[in-house]
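**Student:** Using only what follows, build the 3D model:
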Amino acid sequence: MSVVSYFDAASSAPLHPVARQALHASLDEGWADPARLYREGRRARLLLDAAREAAAEAIGCRPDELVFTTSGTRAVHTGIAGALAGRHRVGRHLIVSAVEHSSVLHSAESHLQAGGTVSEVPVLRTGAVSPDAYADALRPDTALACLQSANHEVGTHQPVVEVAEACRGAGVPLLVDAAQSLAWGPVEGGWSLLTGSAHKWGGPAGVGLLAVRKGVRYAPQGPADERESGRAPGFENIPAVVAAAASLRAVRAEAAAESVRLRELTDRIRARVPELVPDVEVVGDPVTRLPHLLTFSCLYVDGETLLHELDREGFSVSSGSSCTSSTLTPSHVLKAMGVLSEGNVRVSLPLGTPAEEVDRFLAVLPVAVAAVREKLGAPGPAAVTVSPSGAPDALVVDALGKRCPIPVIELAKVITEVPLGGTVRVLSDDEAARLDIPAWCEMRGQEYVGAEPAPRGTAYLVRRVTL
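**Tutor:** The predicted model follows:
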């Protein structure tokens, strides 16, 4: 394999050349303690201050509102904890969307375990929240609201401007996780707190950003520390911070042209994949989305196996699929959207991705999907029984103990044995089946009747309405 194409920039973007250059240059000048008054300390302080000013300008805040943390996750945890503590007299109610990054959801779970309350706002099938639904979640005891600027799995932009306006009207601060969108521009709207992560835009890993607007009630948690306004304790990694700020400025300079070019490439993938691969659902908002990211799900495909097939062909992509061996549970984002979760592939193109590599991906993908489907077609025939009543819903598929995408594959095998108007009862104890069977019905034109508890697992009822 001579060509390797990295298509997972949403996980971590390749180090930008400007970041590499700035990192090397600042290693010689930024090693000293910036809190000291001697010459080396003053040099380090100048580098740190310049980096803070550059990053603040890119974000759209004042330099004294911005601190550097050890990661984007740490920025989220620190921001949420400090904002909740600063407004504890108002109440202990926290609002998040159902598709937030795990760092936000972990903070929400921790807050819940500590006796707070959490409201999770559902999303539309596109992955976006409804501003009205978000506004309805606001309460007199709401201390903080959280909403990502763009979704990390499907790329859908969130209505931050409208939600921020509703929060402002209720006197509630809004924290925006902007990790995925900062490379493309500042976050519009009246946000109160904002977080980011340098490795998402081509900076070095281990640098996060936390901006807290003046006037926001905020109480740093943990032992007091004199560094970074007490919000991020510990000695600053000045070379990494300088590289992070320099690369953010550099990618912003490229953003206008690259966003147009990469959107054309991802639009090409969105259009061509359903034509090239049968039984595929492209998810997320087709228009209001990040320019470099798209996600699609393939019926009858194990996501992890497909990723290995693509890796062998030289393509590094990621999956939020339910069928990864590490979790065996559906992606919480796809679950909240109510879309197909099996065989999920996320493609996120780095800056400078050649159009030829996208064409090569489109040539390789159908072969890889077909190979995985052939492998998964190998299991023995579905266990089919006839109920004693001999009723039209007599066909029962026993998929107990079988993981995604096997329950759907076995349903597909037997649906042609059912007369029009007849039903199939699929028994499954796989969590992904709750999403994938209804999604299969929608894609194949059959009627999903519903689900009911079974002695083991769940029984999913499907009625055949098309040939």
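**Student:** Just the helices from the stretch 1-150 of the chain, written as ranges.
**Tutor:** In the stretch 1-150 of the chain, the segments counted as helices under DSSP state H, counting those that start in this stretch are 17-27, 39-59, 72-86, 102-113, 131-137.
**Student:** Could you list the buried residues of the first one?
**Tutor:** Judged by neighbour count using 16 or more other Cβ atoms under 10 Å, the buried positions of helix 17-27 are V18, A19, R20, A22, L23, S26. Yep, even glycine has a C-beta here, placed from its N, CA and C like the rest.
**Student:** what does the shortest one give?
**Tutor:** Neighbour-count burial for helix 131-137, with 16+ other Cβ under 10 Å as criterion, is recorded at P131, Y134, A135, A137.
**Student:** where does V176 fall, helix, sheet strand or coil?
**Tutor:** What DSSP: H, G, I helix; E, B strand; the rest coil gives for V176 is strand.
**Student:** which element follows the helix-or-strand element of the chain with minimal mean pLDDT toward the C-terminus?
**Tutor:** When the helices and strands of the chain are scored by mean pLDDT, DSSP states H and E, strand 383-386 comes last with a mean of 47. The helix or strand immediately downstream of strand 383-386 is strand 395-398, counting by DSSP states H and E.
**Student:** Could you tell me which strands sit next to that following strand in the sheet, and their orientation?
**Tutor:** Next to strand 395-398 in the sheet, as set by DSSP bridges, lie strand 383-386 (antiparallel), strand 423-428 (parallel).
**Student:** Touching the longest one from outside, list them.
**Tutor:** Contacts made with strand 423-428 from outside it, assessed by Cβ atoms under 8 Å, 6 or more residues apart in numbering, are listed as 392-393, 395-400, 402, 407, 410-411, 414-415, 418, 433, 437, 449, 454, 456-464.
**Student:** Please repeat the previous calculation with a cut-off of 7 Å.
**Tutor:** 392-393, 395-400, 407, 411, 414-415, 418, 437, 449, 454, 457-463 (Cβ atoms under 7 Å, 6 or more residues apart in numbering).
**Student:** Report the central residue of the chain.
**Tutor:** H152 (2.6 Å; Cα atoms, centre = their mean).
**Student:** can you tell me how far that one sits from L210?
**Tutor:** 18 Å (Cβ to Cβ, to the nearest Å).
**Student:** Need phi/psi at L310.
**Tutor:** The phi and psi values for L310, taken as degrees, to the nearest 10, are phi -70, psi -40.
**Student:** so it sits right up against V367, yeah?
**Tutor:** No - here L310 lies out of contact with V367, judged by Cβ atoms under 7 Å, at a distance of 10.1 Å.
**Student:** Neighbour count for these two, which is higher?
**Tutor:** Neighbour totals were compared for L310 and V367, and L310 leads with 23 against 13 (other Cβ atoms under 10 Å).
**Student:** contacting residues for that one?
**Tutor:** Going by Cβ under 7 Å, 6+ apart, L310 touches V317, V364, A368.
**Student:** need the contact list for the last one.
**Tutor:** Yep, that's A368 we're talking about. Residues in contact with A368 (Cβ under 7 Å, 6+ apart) are L306, E309, L310, E313.
**Student:** Go through the longest helix seen in the chain and flag the buried ones.
**Tutor:** When the chain is scanned for its longest helix (criterion: DSSP state H), the result is helix 238-276. Buried residues in helix 238-276, defined by neighbour count with 16+ other Cβ under 10 Å: 238-252, 254-255, 258-259, 261-263, 265-266, 269-270, 272-273.
**Student:** how far away is G314 from S5?
**Tutor:** Taking Cβ to Cβ as the measure, G314 falls 6 Å from S5.
**Student:** Between these two, tell me which one has more neighbours.
**Tutor:** S5 (21 against 16).
**Student:** State the helix or strand in which the nearest residue to the more buried one once chain neighbours are set aside lies.
**Tutor:** Of all residues not flanking S5 in the chain, E357 sits nearest, at 4.6 Å (Cβ to Cβ, 6 or more residues apart in numbering). Assigned by DSSP H and E, E357 belongs to helix 355-376.
**Student:** Before I go, just wanted to say thanks for your time.
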